[in-house]
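Student: What shape does this take:
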Amino acid sequence: MHALVYTDTQTLVYREEKNPTEKPGESILKIQASGICGSDMHAYHGHDERRIPPLILGHEVSGVIQNGKFKDKTVVLNPLITCGNCEYCKQGREHLCPDRSILGMSKPIKREGGLAEYVSIPDKNIYEIPKGLVTKEAAVAEPTAVSLHAVLLGEQTLKKPISECRVLIQGGGAIGLLCGLILAKDKGCKNIVLSDPNKKRLDECSKYLDAKYVAPNDKIINSNGFDIVFDSVGLEVSRQQAIEVVAPGGSIIHIGLTQPAGTFNFRKLTLQEITLVGTYCYTNKDFQQTINLLHNKKLGPLNWIEFRELKNGANAFKEIHDGTCVAPKIILIP
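Tutor: Numbering: from 1, shown residues only. Next comes the predicted model:
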């Protein structure tokens, strides 16, 4: 098969790789679409010790199953593989499983990812795509599940309906935009500010989400001005802004993974009873709910996705790296 292989920092090579082999309890997917995630970009920059080259990245995947009980079914994959037996899995919090692994990752075990023509996946991670949901668009289910889980966590921390909250979303990539779409179209939020330094990306997001679009340094992002902040960036500077602008008793939902550490105003966090929640994944229930949201068109048209050929994937990574990419999400087609 052909695959886009991460071979070194900022280096991807489109080349021949071995096809996955059949394993008990797993099926092989012929991939029709595979998205580029922010975590794939962390690996590309050499900042992810869990993704070691050479490795096929990618975990936002849809296509057609080639063997086993789902043979010939059109499906989307939940790439988060868990043990099913630990305390967390039994509680329905399988995303916290200590033995979790994911497609396109080297640790805790190496699993080649979806930026290829084929991939192997446990049968329990296969979800059939309902009729009416376009297969290549279904690949966006994984980041949508991340965003849905973040919104649901944030909603649980608040003392008033989230629809009445002043919301700041930091970052206009797929996670930021999807958080906004879920908040506006599923939760009824009407007071959303979305910030990003890329004006062209803000213009693209504005076609799909009713919000105020500003640069990160805009004066509208004022001290104590927001009931809840969704940080989909994960930089030291975005965290510093989040704690500055969140209102007393408010919440920060931290999703981004760009920088692992840095200074932060824990004094305000303590004195003003700010809730800080970190979130990375989603539950199986979230994933199923996400498929329903997409199938029922609850998030509106998905024309903000840009589709490109897998063989040109290295250029897509470079454009995202350079900040010249306008689309919030690029999905690669083998």
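
Student: Tell me how this structure divides into domains.
Tutor: Each domain of the chain is listed here as a residue range: 2-140+302-333, 144-278, per automatic domain parsing.

Student: and residue 288, which of those domains is closest to it?
Tutor: Ranking the domains of the chain by proximity to residue 288 (CB to CB) places domain 2-140+302-333 first, at 7.0 Å. In this view, the C-beta of every residue, glycine as well, is placed from N, C-alpha and C.

Student: Kindly check the end-to-end length of that closest one for me.
Tutor: Terminal residues of domain 2-140+302-333 are spaced 12 Å apart (CA to CA, to the nearest Å).

Student: Could you give the average pLDDT over that domain?
Tutor: Per-residue pLDDT over domain 2-140+302-333 has a mean of 96.

Student: Endpoint to endpoint, stretch 127-137 covers what distance?
Tutor: End-to-end for stretch 127-137, by CA to CA: 14 Å.

Student: what comes up buried for that stretch?
Tutor: If you call a residue buried by 16 or more other CB atoms under 10 Å, then stretch 127-137 has these buried ones: 127, 129, 133, 136-137.

Student: From the contact counts, what lies against the helix or strand hosting residue 291?
Tutor: Using DSSP states H and E, residue 291 sits in helix 284-295. Applying 3 or more CB pairs under 8 Å, 6 or more residues apart in numbering; DSSP states H and E, one finds that helix 284-295 contacts strand 126-128, helix 135-138, helix 141-157.

Student: Give the next helix or strand downstream of it.
Tutor: Using DSSP H and E, the helix or strand that follows helix 284-295 in sequence is strand 305-309.

Student: Could you check how far that following strand is from the centre of its chain?
Tutor: Distance, stretch centre to chain centre, for strand 305-309: 16 Å (CA atoms, centre = their mean, to the nearest Å).

Student: What is it packed up against?
Tutor: Using 3+ CB pairs under 8 Å, 6+ apart: strand 305-309 touches strand 329-333.

Student: how about 10 Å then?
Tutor: strand 26-35, helix 135-138, helix 313-322, strand 329-333 (3 or more CB pairs under 10 Å, 6 or more residues apart in numbering; DSSP states H and E).

Student: could I get the domains of the chain as JSON lines with distance to residue 292?
Tutor: JSON lines is the format used below for those (distance: least, CB to CB, whole Å):
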{"stretch": "domain 2-140+302-333", "distance to residue 292": "8"}
{"stretch": "domain 144-278", "distance to residue 292": "10"}
